[in-house]
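Q: give me a model of this one.
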Amino acid sequence: MVIKQLRVSRHLAQGQLSEMSRLNVRSIQRIESGHNASLESLKCLASVLEVDVDTLQQTRLDMKTQEELWQAAPLWVRCWFALNYLNLTPSKRATVRALFTCHISGYVFCILGLISQPALAGGIIMLGVGYFFNFCL
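A: So this is what the prediction gives:
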């Protein structure tokens, strides 16, 4: 039975599970060690563990480990967490440089907006990014 796996995955102690299911701790120990359980006991455990009775009667439950979940994550998610872990924060000098670049290119694109509407949109976006960097200082 998979009761122990489900209990541990939900961070419950046997005593907590016994209180929630209104079963004796010794009964839970027996069930987890492989002894047969009554249908009523299984129903009580299934309701607490939020699974079907059929799930409790399986011999093994396949649960993904943290490492398997991490390896299955897309590359961009893993890179995002790695950068977040390193806590890369730009220096004040880099922020001022980005601010200056955004404002200058924003104004240039707005002037080019007299000729082309997409350039105007790009200019407005660059000015918005520049003002964002202004708040980062």
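Q: now do stretch 122-131, average pLDDT.
A: For stretch 122-131, mean pLDDT is 90.
Q: show residues contacting it.
A: By CB atoms under 8 Å, 6 or more residues apart in numbering, the residues outside stretch 122-131 that reach it are 99, 102-103, 105-113. Quick note: C-beta positions are derived from backbone N, CA and C, even for glycine.
Q: restrict it to CA atoms and write it as PDB.
A: The C-alpha trace of stretch 122-131 is given here as PDB (Å, rounded to 0.1, in the frame of the first residue of the first chain):
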ATOM      1  CA  GLY A 122       9.500  52.000 -30.300                       C
ATOM      2  CA  GLY A 123      10.500  55.400 -29.100                       C
ATOM      3  CA  ILE A 124       7.700  55.500 -26.600                       C
ATOM      4  CA  ILE A 125       8.600  52.100 -25.300                       C
ATOM      5  CA  MET A 126      12.300  53.100 -25.000                       C
ATOM      6  CA  LEU A 127      11.300  56.300 -23.100                       C
ATOM      7  CA  GLY A 128       9.100  54.100 -20.800                       C
ATOM      8  CA  VAL A 129      12.000  51.800 -20.100                       C
ATOM      9  CA  GLY A 130      14.200  54.800 -19.500                       C
ATOM     10  CA  TYR A 131      11.800  56.200 -16.900                       C
END
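Q: could you dump the contacts of stretch 122-131 to CSV with neighbour count?
A: Formatted as CSV, the contacts of stretch 122-131 follow (neighbours: other CB atoms under 10 Å):
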residue, neighbour count
99, 19
102, 20
103, 17
105, 17
106, 20
107, 14
108, 14
109, 20
110, 17
111, 12
112, 14
113, 16
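Q: among these, which one lies nearest to residue 36?
A: When the contacts of stretch 122-131 are compared for distance to residue 36 (CB to CB), residue 102 wins out at 70.3 Å.
Q: look at that closest one and give its secondary structure.
A: helix (DSSP: H, G, I helix; E, B strand; the rest coil).
Q: contacts for the helix or strand hosting residue 20, please.
A: Assessed by DSSP states H and E, residue 20 sits inside helix 14-21. Residues from elsewhere that reach helix 14-21 (CB under 8 Å, 6+ apart): 7, 12, 23-25, 27-29, 32, 41, 44-45, 47-49.
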